[in-house]
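Student: Have a look at this fold, sequence not included:
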């Protein structure tokens, strides 16, 4: 298990990262292609833009078990996003994540995925967190393997990984 603490239900912290919910201003800035001084130079990436475009239609994704920005604690800059696709389906939640190119290779995706997965598994009725990754993206596959996810299925170039609480 990673060491994380919850400063508020909406923020998780790890050794190097803060995972916090998006603000309305940040969502609007992405929609209007406005830069923030609190973002890495290459944030938002394509996946961050997609999430921001969906947040208006999925208000539950801004709750405690929803989508968050990944912020470097040392610099205070947003360097990616991670989220749970709430609500759970029969006790299972999907997780998605992305780190901007300038911060890849530092273990941030694994650190954030581990923390949010552990937090998700504390939600009432949730016993499984899963992700689908493209096999041509070995770095993303490695993130899931490093954080305890197990390969469950492959179809075409997509692999599904999951982690389940021990009693399941």
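Tutor: Thanks, I have it. Values in this document were obtained by computation on a predicted structure and should not be read as measured data. Numbering: from 1, shown residues only.
Student: quick one: average pLDDT of stretch 65-79?
Tutor: This predicted structure assigns stretch 65-79 an average pLDDT of 96.
Student: For that stretch, buried residues please.
Tutor: By neighbour count on 16 or more other C-beta atoms under 10 Å, the buried set for stretch 65-79 is 65-72, 77-79. To be clear about C-beta, it is placed using only N, CA and C from the backbone, and glycine gets the same treatment.
Student: and it, how far from the chain's centre?
Tutor: 10 Å (C-alpha atoms, centre = their mean, to the nearest Å).
Student: The longest helix seen in the chain - contacts with which helices or strands?
Tutor: Longest helix in the chain by number of residues (criterion: DSSP state H): helix 108-120. Other elements packing on helix 108-120 under the criterion 3 or more C-beta pairs under 8 Å, 6 or more residues apart in numbering; DSSP states H and E are strand 11-13, strand 17-21, strand 67-72, strand 78-89, strand 92-99, helix 138-146.
Student: Would you mind pulling the contact partners of it?
Tutor: If you take C-beta atoms under 8 Å, 6 or more residues apart in numbering as the criterion, helix 108-120 is touched by 1-2, 4, 6, 12, 14-17, 19, 65, 68, 70, 72, 79-80, 82-84, 93, 95, 97-99, 126, 129, 139-140, 143-144, 146-149, 163.
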